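> with the sequence up front, the predicted model follows.
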Amino acid sequence: MLPFSRVSIIGLGLIGSSVARAVKAAMPSVRVTGYDAEAHVRERVRDLGFCDDVADTPGTAVIDADLVVLCVPVGAMGSVGEAIRDDLPAEAIVSDVGSSKQSVAEALAAALPGATIIPAHPVAGTENSGPDAGFATLFQGRWCILTPPADAPEAAVEALQTFWQRLGADVEIMDARHHDLVLAVTSHLPHLIAYTIVGTADDLEEVTQSEVIKYSAGGFRDFTRIAASDPVMWRDVFLNNKDAVLEMLQRFSEDLTALQRAIRYSKGDELEALFSRTRAIRRSIVEQGQDDDAPDFGRKH
Ligand code: NAP
């Protein structure tokens, strides 16, 4: 049995358009209505045809929905909640795909008093944005973390779990605070480090930009992929997961200082021990199917 029959997606960028495409691929009879704040995005989505309907206001997008999925930057969740409040059917479940969960849960609870809200985060994405960037298989074999509030109706959590499983994801249920801490180290900090390294290289005076680009295969280009991620989305992630990111950043700075000392005092054993430990983590990621083991990340040469 299908968990929902009328799904509304607000925000039709990479993730929203991937959810819409995945729903139409996995559950073709489900009616998908989309809405995006940008008129040119709505026009493009009409041309691409992965939504049954594209609404011109957030209210009309949700008017007969049984599931509403908010796929906008995390800083916009509260205002979108307010924009759909008057038209949201009483029995609809509201969810989202935001990369941080505590602040989104608070913003949605304040904007939609009395509504059934089950926040979620599919841990899948690319560095691209917009409706052309999405694809139906994005969530296959990836984790989707649900962070239901303590009083969430069990049937609603189960329905959302089934929904994400139908899209190919494995579902985990987690406390929102714990989610924010885990993702701070596995996603948010790596993005911050990539933004820093690419920014530092760009600021160097004694190394030219053309040299940075020419010799980027030395490791730099893999950071540039992450550092090309959507600026608005990531601005909002850092502003909305401040505490967890700052805590992880503090630990990271201490570990970086320890590495600095190991290099300064030629402690090769310390460096080698750390590098061996980290190589094993990469192997576990490949073994668990979260990446493939093609050399050089599967690049064609
Ligand atoms: P995206 O490609 O930039 O798409 C976001 C879309 O939402 C844009 O078209 C944007 O329009 C629109 N939007 C912004 N504010 C809106 C509003 N108030 N009402 C309606 N539409 C609005 O970004 P994305 O990568 O899909 O990210 C969407 C969400 O998914 C974020 O919360 C992010 O944290 C989460 N997420 C992202 C990834 C990833 O790897 N990208 C992974 C997991 C979760 P504009 O053109 O005006 O900005």
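Structure received.

> for the stretch 51-200 of the chain, which residues are neighbours of the ligand?
Residues of the stretch 51-200 of the chain lying near the ligand by C-beta under 6 Å from any ligand atom: 71-74, 76, 79-80, 97-99, 122, 125, 129-130. No exception for glycine: its C-beta is placed from N, CA and C like everyone else's.

> so who does Val69 touch?
Val69 is in contact with Val7, Ser8, Ile9, Ile10, Gly16, Val19, Ser95, Asp96, Val97, counting by C-beta atoms under 8 Å, 6 or more residues apart in numbering.

> what's the answer for Pro153, then?
Thr116.

> where do the strands sit along the chain?
All strands of the chain, identified by DSSP state E, fall at 6-10, 31-35, 53-54, 67-70, 93-96, 116-117, 120-122, 143-146, 170-173.

> would TSV of those strands with mean pLDDT be doable?
Putting the strands of the chain into TSV (pLDDT from 0 to 100) gives the following:
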stretch	mean pLDDT
strand 6-10	98
strand 31-35	98
strand 53-54	98
strand 67-70	98
strand 93-96	98
strand 116-117	98
strand 120-122	98
strand 143-146	98
strand 170-173	98
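
> please identify which of those strands is closest to Trp234.
For Trp234, the closest of the strands of the chain is strand 120-122, at 14.6 Å, according to C-beta to C-beta.

> Thr116 and the ligand, how far apart?
Distance check for Thr116 against the ligand: by C-beta to the nearest ligand atom, to the nearest Å, it reads 20 Å.

> check Lys214 too.
29 Å.

> Provide a list of residues in contact with the residue nearest to Asp36 when sequence neighbours are not counted.
Once flanking residues are discounted, Asp36 sits nearest to Leu12: 4.2 Å by C-beta to C-beta, 6 or more residues apart in numbering. Residues near Leu12 by C-beta under 8 Å, 6+ apart: Ala20, Gly34, Tyr35, Asp36, Val41, Arg42, Val45, Cys51, Val54, Cys71, Pro131.

> and Leu12, how far is that from Leu246?
From Leu12 over to Leu246 the distance is 32 Å, taken as C-beta to C-beta, to the nearest Å.

> that older thread, just send the strands of the chain back as CSV, with distance to Gly298 too.
Shown next, in CSV, are these (distance: least, C-beta to C-beta, whole Å):
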stretch, distance to Gly298
strand 6-10, 30
strand 31-35, 32
strand 53-54, 35
strand 67-70, 30
strand 93-96, 31
strand 116-117, 39
strand 120-122, 22
strand 143-146, 21
strand 170-173, 22
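
> quick one, helices of the stretch 201-301 of the chain?
Secondary structure of the stretch 201-301 of the chain by DSSP state H, counting those that start in this stretch: the helices cover 209-214, 220-227, 231-240, 242-264, 268-287.

> so Leu48 touches Ala133, yeah?
No - applying C-beta atoms under 8 Å, one finds Leu48 not in contact with Ala133, separated by 11.2 Å.

> now do the shared contacts for these two.
Counting by C-beta under 8 Å, 6+ apart, the shared contacts of Leu48 and Ala133 are Ser17.

> circling back to that earlier point, who wins on neighbours among the residues of the stretch 51-200 of the chain next to the ligand?
Highest neighbour count within these: Gly98, with 29 neighbours (other C-beta atoms under 10 Å).

> how about that one, phi and psi?
Main-chain torsions, Gly98, degrees, to the nearest 10: phi -60, psi 150.

> thought Leu167 was touching Val19?
Yes - if you go by C-beta under 8 Å, Leu167 and Val19 touch, sitting 7.2 Å apart.

> out of the two, which sits in the busier spot?
Val19 (28 against 24).

> what sits against the more buried one?
Ile9, Val69, Cys71, Val97, Gly134, Phe139, Leu167 are the contacts of Val19 under C-beta under 8 Å, 6+ apart.

> also Ser5?
Ser29, Val30, Arg31, Asp66.

> ditto for Ala176
Lys101, Gln102, Ala105, Pro119, Thr147.

> on that earlier part again, take the residues of the stretch 51-200 of the chain next to the ligand and keep only those in helices.
Ser79, Val80 (DSSP state H).

> got the residues of the stretch 51-200 of the chain next to the ligand as TSV, with distance to Arg235 columns?
Converted to TSV, these look like this (distance: C-beta to C-beta, whole Å):
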residue	distance to Arg235
Cys71	17
Val72	13
Pro73	8
Val74	10
Ala76	11
Ser79	16
Val80	17
Val97	17
Gly98	13
Ser99	12
Pro122	20
Gly125	16
Ser129	13
Gly130	17
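
> ok, of the residues of the stretch 51-200 of the chain next to the ligand, which one's closest to the ligand?
Within these, distances to the ligand taken as C-beta to the nearest ligand atom reach their minimum at Gly125, with 1.8 Å.

> fine by me, thanks again.
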